[in-house]
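Colleague: below is the structure, and that's it, no one-letter string:
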């Protein structure tokens with residue numbers, strides 16, 4: 001999409017107003033018109049660039065003449081949620097932007113509030129009462145770019161590289177081929193990759209997928225709120241250049257195309273440092289890349305923001321205050337385990353406690369905590385790192401994942417000698433984590449003596465607050481609610497209809513659902529006797545454990561998410 005041309009009040013009308021108010025002279029008008037004739041710029045821009053008037057002086061005079069208020073967009077904080085109420089295409093076409101909303105009234109800043117066609121279209125398409133104010137056109141363009149992404153630059157880059165020749169050379173000419181791609185075609189490819197990353201960060205994507213699905217196209221997809229969305233298709237001839245640029249940025253071997261490679265990128269966006277974890281994998285169609293965006297802003301630092309229920313939160317807080325024992329967080333990849341652990345560490349972090357972590361990789365750097373990157377190639381494994389921790393006199397230790405018997409044994413030893421140990425495990429629910437530890441090779445009596453609590457979690461999408469609407473209770477949903485003893489007469493169900501704010505998905509943002517199993521005396525006795533997971537689960541429920549699906553249904557009854565979401569991530 002090309003950037004909107006100037007739609008503001010300009011031409012003879014503007015110069016007549018300014019001259020009538022005594023702000024410019026006839027000589028100034030002649031000078032402005034001459035410059036416009038030479039370079040073809042908008043009159044408002046010329047007046048400001050020639051220092052004839054300051055921007056605010058000119059706009060205040062213009063607003064006074066046409067009888068509206070002038071708003072300088074640089075002086076106010078604009079909520080992006082309000083901006084996206086007006087579709088980007090319409091906002092750029094008419095050069096306008098939504099800046100405030102009060103019940104059924106929408107305040108719209110326009111470069112030309114006299115544009116009755118734009119006003120009528122706003123009322124018909126949006127259904128709000130519209131209040132118009134005047135603002136400077138370039139400020140509108142700048143703000144729209146910040147919210148929607150720099151679409152004109154994106155299009156220019158695509159236009160430049162669409163027909164760019166990239167010759168795939170023979171195997172022995174591999175080095176020359178890469179040099180040609182990174183030197184001869186560097187600028188447009190660099191800009192393209194930068195824009196792909198920038199747009200992903202602005203849209204709060206967790207991952208960027210660059211995939212050669214066929215011989216014709218190279219597809220770019222973003223994972224937003226756990227769901228993949230198609231973003232663009234690039235000409236297949238750019239495949240080598242795009243992957244090579246990603247490899248260069250992440251310090252990988254650009255000549256190696258046969259083996260998987262992992263690397264890291266750090267980018268600076270608006271003064272904010274964002275880490276990106278890169279994985280490059282050879283497929284039958286060529287190398288694909290996945291870029292995991294690790295934005296520190298996305299890490300929540302308050303436990304009540306994660307999604308713990310009112311009943312579960314005090315139990316978990318009590319658990320993490322214990323001086324020793326193992327706390328396990330379980331769930332599949334992408335279920336928010338790292339966020340829960342980092343939030344927990346942030347709560348526990350104080351000058352009185354020494355906290356050490358060994359992770360693979362270190363996703364976020366936390367102040368006041370000693371973090372170590374595992375490096376198995378040189379012998380720095382989870383087990384060896386954890387063993388070394390015991391000689392460093394820590395109070396709290398975090399090990400990224402318990403994968404083997406050696407790591408599990410050292411974690412148990414640390415817990416039994418007075419340390420609090422946090423770690424993750426890949427299991428479907430909390431009770432089955434006990435069986436997993438037994439399978440690894442840990443004796444049941446050691447598990448019962450060291451493990452104090454297990455959390456299982458998943459991430460579900462929140463209903464978009466902008467298009468949320470009440471829906472009827474169906475017989476199938478009623479049956480599910482009855483199974484978990486939720487009164488169907490006391491629940492109101494909602495869903496999102498889809499709107500520009502949520503990109504027509506009906507969902508915006510995510511929240512966790514949890515299953516917390518506290519290791520009570522009864523459960524400890526069952527673990528020692530090596531009972532089945534079924535028996536362990538039954539007892540844990542009697543002892544007060546809320547299952548994943550049950551916690552999810554509580555969030556449904558609170559109007560946070562939908563039944564469909566809960567069934568999608570916690571169908572068992």
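Modeller: Received the coordinates, thanks. Computed from a predicted model, the values in this text were never measured in an experiment.

Colleague: now residue 17, nearest residue through space, not along the chain?
Modeller: Once flanking residues are discounted, residue 17 sits nearest to residue 65: 4.8 Å by Cβ to Cβ, 6 or more residues apart in numbering. (C-beta placed from N, C-alpha, C; glycine too.)

Colleague: quick one: average confidence on the helix or strand harbouring residue 89?
Modeller: When elements are defined using DSSP states H and E, residue 89 is found to belong to helix 88-94. For helix 88-94, the per-residue pLDDT values average out at 85.

Colleague: how about stretch 377-390?
Modeller: Computed over stretch 377-390, the average pLDDT equals 89.

Colleague: related to what we said a few turns ago, give the buried residues for whichever strand or helix holds the residue nearest to residue 17.
Modeller: For residue 65, the element it lies in under DSSP H and E is helix 55-66. Using 16 or more other Cβ atoms under 10 Å as the burial criterion, the residues of helix 55-66 that qualify are 55, 58-63, 65.

Colleague: what's the answer for stretch 209-225, then?
Modeller: Of the residues in stretch 209-225, 209-212, 217-225 count as buried by neighbour count, 16+ other Cβ under 10 Å.

Colleague: over to stretch 406-425?
Modeller: By neighbour count, with 16+ other Cβ under 10 Å as the criterion, the buried positions of stretch 406-425 are 406-415, 419-425.

Colleague: next, count neighbours for residue 478.
Modeller: Burial measure for residue 478: 13 neighbouring residues, criterion other Cβ atoms under 10 Å.

Colleague: how near is the nearest residue to it once chain neighbours are set aside to residue 479?
Modeller: Closest residue in space to residue 478, ignoring its immediate chain neighbours: residue 488 at 5.1 Å, by Cβ to Cβ, 6+ apart. Summarising the geometry, the distance separating residue 488 from residue 479, computed by Cβ to Cβ, to the nearest Å, is 10 Å.

Colleague: those two: who's more crowded?
Modeller: residue 488 (14 against 10).

Colleague: name the helix or strand of this protein that has the lowest mean pLDDT.
Modeller: Lowest by mean pLDDT, DSSP states H and E among the helices and strands of the chain is helix 174-184, with a mean of 32.

Colleague: after that helix, which helix or strand is next? Please name it.
Modeller: Sequence order places helix 186-202 as the next helix or strand after helix 174-184, per DSSP H and E.

Colleague: tell me which residues of that following helix are tucked away?
Modeller: Along helix 186-202, the positions that meet the burial threshold by neighbour count (16+ other Cβ under 10 Å) are 188-189, 191-202.

Colleague: please apply the same query to stretch 123-132.
Modeller: By neighbour count on 16+ other Cβ under 10 Å, the buried set for stretch 123-132 is 126, 128, 130, 132.

Colleague: swap in stretch 334-351?
Modeller: Of all the residues in stretch 334-351, those buried under the rule 16+ other Cβ under 10 Å are 335-346, 348-349.

Colleague: can you check stretch 426-445 too?
Modeller: Applying a neighbour-count criterion of 16+ other Cβ under 10 Å, the buried positions in stretch 426-445 are 427-437, 440, 442, 444.

Colleague: likewise stretch 462-480?
Modeller: Within stretch 462-480, the residues that qualify as buried by neighbour count (16+ other Cβ under 10 Å) are 462-464, 466-468, 477, 480.

Colleague: test my guess that residue 118 contacts residue 109.
Modeller: No: counting by Cβ atoms under 8 Å, residue 109 is not a contact partner of residue 118; they are 11.9 Å apart.

Colleague: what about those two, which has more around it?
Modeller: Per other Cβ under 10 Å, whichever of residue 118 and residue 109 has more neighbours is residue 109, with 27 against 23.

Colleague: show me where this protein dips below the pLDDT cut-off.
Modeller: Within the chain, the stretches falling below the threshold (pLDDT under 70) are 1-13, 35-42, 80-81, 147-188, 270-272, 297-301, 571-572.

Colleague: which residue is nearest the middle of it?
Modeller: For the chain, residue 204 is the residue whose C-alpha lies nearest the centre (Cα atoms, centre = their mean; 3.0 Å).

Colleague: helix, strand or coil for it?
Modeller: Going by DSSP: H, G, I helix; E, B strand; the rest coil, the secondary structure assigned to residue 204 is coil.

Colleague: now swap in the one 4 residues further on and tell me
Modeller: Using three-state DSSP, the secondary structure recorded for residue 208 is strand.

Colleague: skipping its backbone neighbours, what lies nearest it in space?
Modeller: Across the structure, with Cβ to Cβ, 6+ apart as the measure, the residue nearest residue 208 apart from its sequence neighbours is residue 291 (4.1 Å).

Colleague: in contact with the one you found, which residues?
Modeller: When contacts are counted by Cβ atoms under 8 Å, 6 or more residues apart in numbering, residue 291 touches 197, 200, 207-208, 210, 246, 265, 276-278.

Colleague: and it, bridged to which residues?
Modeller: Bridge pairing for residue 291 (DSSP bridges) gives the partners residue 208, residue 278.

Colleague: if I look at it, how far off is residue 195?
Modeller: Using Cβ to Cβ, we find residue 291 at a distance of 13 Å from residue 195.

Colleague: contacting residues for residue 259?
Modeller: Contacts of residue 259 were listed using Cβ under 8 Å, 6+ apart, and they are residue 282.

Colleague: in three-state terms, label it for me.
Modeller: Residue 259 falls in the coil class when you classify it by three-state DSSP.

Colleague: can you report phi and psi for it?
Modeller: Reported as degrees, to the nearest 10, the phi and psi values for residue 259 are phi -120, psi 150.

Colleague: got it, and residue 129?
Modeller: Here the main-chain torsion angles of residue 129 (degrees, to the nearest 10) amount to phi -80, psi 130.

Colleague: that one reaches residue 104, doesn't it?
Modeller: Yes: taking Cβ under 8 Å as the definition, residue 129 is a contact partner of residue 104 at 5.7 Å.

Colleague: ok, and the closest non-adjacent residue to the residue nearest to the centre of the chain?
Modeller: Nearest residue to residue 204 in three dimensions, chain neighbours excluded: residue 224, at 6.5 Å (Cβ to Cβ, 6+ apart).

Colleague: distance-wise, check that neighbour relative to residue 293.
Modeller: 11 Å.

Colleague: between the two, which contacts overlap?
Modeller: Listed contacts common to residue 224 and residue 293 are 205-206; contacts here mean Cβ under 8 Å, 6+ apart.

Colleague: what count of nearby residues applies to residue 484?
Modeller: A total of 14 residues lie near residue 484 under the criterion other Cβ under 10 Å.

Colleague: OK, contacts around it?
Modeller: By Cβ under 8 Å, 6+ apart, residue 484 lies in contact with 549-550, 553.

Colleague: any idea how far residue 554 lies from residue 466?
Modeller: To residue 466, residue 554 is 23 Å away according to Cβ to Cβ.

Colleague: quick one on the thing from earlier: pull the most distant pair out of the buried residues of stretch 462-480.
Modeller: When these are compared pair by pair using Cβ to Cβ, the farthest-apart members prove to be 466 and 480, with a separation of 27.0 Å.

Colleague: helix or strand: which one has residue 445?
Modeller: With elements delineated by DSSP H and E, residue 445 resides in helix 444-450, which encompasses its position.

Colleague: gap between that helix and the chain center?
Modeller: 38 Å (Cα atoms, centre = their mean, to the nearest Å).

Colleague: so what's the residue count around the closest residue to residue 468 other than its chain neighbours?
Modeller: Nearest residue to residue 468 in three dimensions, chain neighbours excluded: residue 494, at 5.2 Å (Cβ to Cβ, 6+ apart). In terms of burial, residue 494 registers 18 neighbours under the definition other Cβ under 10 Å.
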